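Okay, predicted coordinates and the sequence, questions at the end:
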Amino acid sequence: MSFEDYSGVWVFIEENEGKIAPVSLELLGAGRTLADKRGVELAGIIIGENVTGLSDTVFEYGADKVYVYDQPIFQLYRTESFMKALLHCSEKYKPEIILYGATSTGKDLASAVATDLPTGLTADTTELDVEEDTGLLLASRPAFGGNIMATILCKKYRPQMATVRPKVMKALQPEKGRAGQLIAEQIDIKEDDMRTKVLKIVRETTKKIRIDEADIVVAGGKGLGSEQGFELVHQLAKTLGAVVGASRDVVEAGWIEHHHQVGQTGVTVTPKIYFAIGISGAIQHIVGMKNSGMIIAINKDPDAAIFNSCHYGIVGDAFEIVPLLVKEFHKA
Ligand code: FAD
C-alpha cells in the first residue's frame, strides 16, 4: 500500500430525517484543522435519499468537497448498504482519514467499513491531531477505565479512521454561501440483494430530555451526603426545567443511574448553564462539563477545585443555598 495515493480528510455526514446530526458539524470543525495542518482537502460524505441539498450546509461548515450518494436504497440506515457506498467512495478517491460521530450509526458503520477495507479504527476518540509531515492521525481516548489517555496510531493502513464522541469537538461558525465541489456518486445495489429490511420504526415515547441535549444541567456531588440530600438537586432541576447530572461518586453510591454521570467515564455536556452542587471539581469531572456556557458552583469549601473552573462560585452550605434558590426561581 502506497500512502502517497491517499489524500484528504473526510467526515461521514450523518443525516436523520433530513437533518444533519450535530456531531457531523462538530467533526467538520475538527476535520478542517487536520486538513489545514496537512495542506489537504476536507470532504463530507453524505449517504441517503433526497440528501443532496444538505451539501450546502456541509460547505458552509468548512468542507471543500462533498460526495453524495442520493438513492432510494439509502432511505433508511442499514449497515450493509451504507458500508457499500462508503467502501466504493473510499476505494475510488482514497482519503487518508475518515471521521465518524461516535453515535450508534457512526459506531456501527465505522466498524463495518474498517473490517472490510481492512484498516484500523480508534473508537470513542476525545482528542484528534495529525502529524504534519507523515499524516499520521493521533487519535486519543481514555483507556484502562479512564486512568490514562491513550493515543492510538494506525501505522500500516490507509485510510485511518476514528469515531469521535459528540460534544467534544467544536463546529465552526457557518459561512453563509460558502461553496465547494459537489460530486454525485451512484452504486448499483438492489433491494433483493439486501439481507436486512426495516420492518417498523418504533419511536422513543419518553418526553425526557437527554442530559447531553439539555440547556440547563443541575449536577450534584457527594457533598450532598445521602440520597435524601441529593433530592435538593432534583428540586432545583425541576424548578428550572433542567436535567439532573451527577459526579461518579454519586453514581457509585447508587443515588442515581449511570447515564446521569458527567465526566471522563460518563457523558460530556455543554449546556448553557451548569450547576455543580457539592462537587469537588476533580479533573475527571471537569473534562465532561468545562465547555458549558455558564458554570455555577456551590461548595462549602472555599478552596475546592471547582472554583477554578466556574464562572460564578457560591461558598456555603448547599442545604442553605439551594432551598433559597428554589424559592427565588419559583417567584421568577
Ligand atoms: P467529593 O470529591 O467527595 O467532593 C464533595 C464536595 O462537596 C467537596 O468539595 C466538599 O467540600 C463539598 N461539600 C460537602 N458538603 C457540602 C455541603 N453541605 N454543601 C456544599 N458543598 C459541600 N468523577 C466524575 O464525576 N465523573 C467521571 O466521569 C469520573 N471518571 C473517573 C475516572 C477515573 C479513572 C477515576 C480514577 C476517577 C473518576 N472520577 C470521575 C472520580 C473523580 O476523581 C472524583 O472522585 C469525583 O468526581 C468526586 O466526586 P464528588 O465531587 O461528588 O465528591
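Received it, and whenever you're ready, just let me know what you need. Because the structure is predicted, anything quoted here is derived from the model rather than measured.

List, one by one, the residues from the chain near the ligand.
Within the chain, the positions adjacent to the ligand are 145-147, 221-223, 247-250, 261-266, 278-280, 282, 284-285, 288, 298-301, 304, 317-319 by C-beta under 6 Å from any ligand atom. C-beta here means a position set from N, CA and C on the backbone, and glycine is covered the same way.

Which members of those occur in helices, if any?
Judged by DSSP state H, helices contain the following of the residues of the chain next to the ligand: Arg248, Asp249, Val250, Gln284, His285, Ala318, Phe319.

From those, list just the buried residues.
Neighbour-count burial within those applies to Arg248, Asp249, Val250, Gln284, His285, Ala318; the criterion is 16 or more other C-beta atoms under 10 Å.

For the closest residue to the second one other than its chain neighbours, grab the count of nearby residues.
Looking back up the chat, that one is Asp249. Distance criterion C-beta to C-beta, 6 or more residues apart in numbering; nearest residue to Asp249, sequence neighbours excluded, is Lys222 at 4.3 Å. Neighbouring residues of Lys222 were enumerated by other C-beta atoms under 10 Å; the total is 19.

does Lys222 really touch Arg248, like I thought?
No: using C-beta atoms under 8 Å, Lys222 makes no contact with Arg248, being 9.3 Å away.

how about the strands in the stretch 51-200 of the chain?
The residue ranges that make up the strands of the stretch 51-200 of the chain, judged by DSSP state E, counting those that start in this stretch, are 65-70, 97-101, 121-125, 127-130, 137-143, 148-152, 160-164, 181-185.

same question, the stretch 201-332 of the chain
All strands of the stretch 201-332 of the chain, identified by DSSP E, counting those that start in this stretch, fall at 216-220, 243-246, 273-277, 294-299, 312-315.

Need those strands in JSON lines (columns: distance to Leu232 and mean neighbour count).
Output for these, formatted as JSON lines (distance: least, C-beta to C-beta, whole Å; neighbours: other C-beta atoms under 10 Å):
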{"stretch": "strand 216-220", "distance to Leu232": "7", "mean neighbour count": "28"}
{"stretch": "strand 243-246", "distance to Leu232": "11", "mean neighbour count": "26"}
{"stretch": "strand 273-277", "distance to Leu232": "7", "mean neighbour count": "26"}
{"stretch": "strand 294-299", "distance to Leu232": "10", "mean neighbour count": "22"}
{"stretch": "strand 312-315", "distance to Leu232": "14", "mean neighbour count": "16"}
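
Can you add mean pLDDT and give these back as JSON lines?
Shown next, in JSON lines, are the strands of the stretch 201-332 of the chain (pLDDT from 0 to 100):
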{"stretch": "strand 216-220", "mean pLDDT": "98"}
{"stretch": "strand 243-246", "mean pLDDT": "97"}
{"stretch": "strand 273-277", "mean pLDDT": "98"}
{"stretch": "strand 294-299", "mean pLDDT": "98"}
{"stretch": "strand 312-315", "mean pLDDT": "97"}
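
okay if I get these as TSV plus distance to Thr119?
Supplementary listing: the strands of the stretch 201-332 of the chain in TSV, determined by distance: least, C-beta to C-beta, whole Å:
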stretch	distance to Thr119
strand 216-220	37
strand 243-246	36
strand 273-277	38
strand 294-299	39
strand 312-315	47
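
Among those strands, single out whichever gets nearest to Ala179.
Taking C-beta to C-beta as the criterion, Ala179 comes closest to strand 294-299 out of these, the separation being 36.2 Å.

contact partners of that closest one?
When contacts are taken as C-beta atoms under 8 Å, 6 or more residues apart in numbering, the neighbours of strand 294-299 outside the stretch itself are 223, 272-281, 289, 304, 306-307, 309-316, 318, 321-322.

hmm, 6 Å instead?
For strand 294-299, the external contacting residues (C-beta atoms under 6 Å, 6 or more residues apart in numbering) are 273-277, 306-307, 310-314, 318, 321.

Adjacent strands (with direction) for it?
Here the strand partners of strand 294-299, with direction, are listed using DSSP bridges: strand 273-277 (parallel), strand 312-315 (parallel).

That one vs strand 216-220, what angle?
Here strand 294-299 runs at an angle of 20 degrees relative to strand 216-220 (axes from the mean of the first three to the mean of the last three C-alpha atoms, to 10 degrees).

Now do strand 294-299: distance to the chain's middle.
Computed by C-alpha atoms, centre = their mean, to the nearest Å, the separation of strand 294-299 from the middle of its chain amounts to 24 Å.
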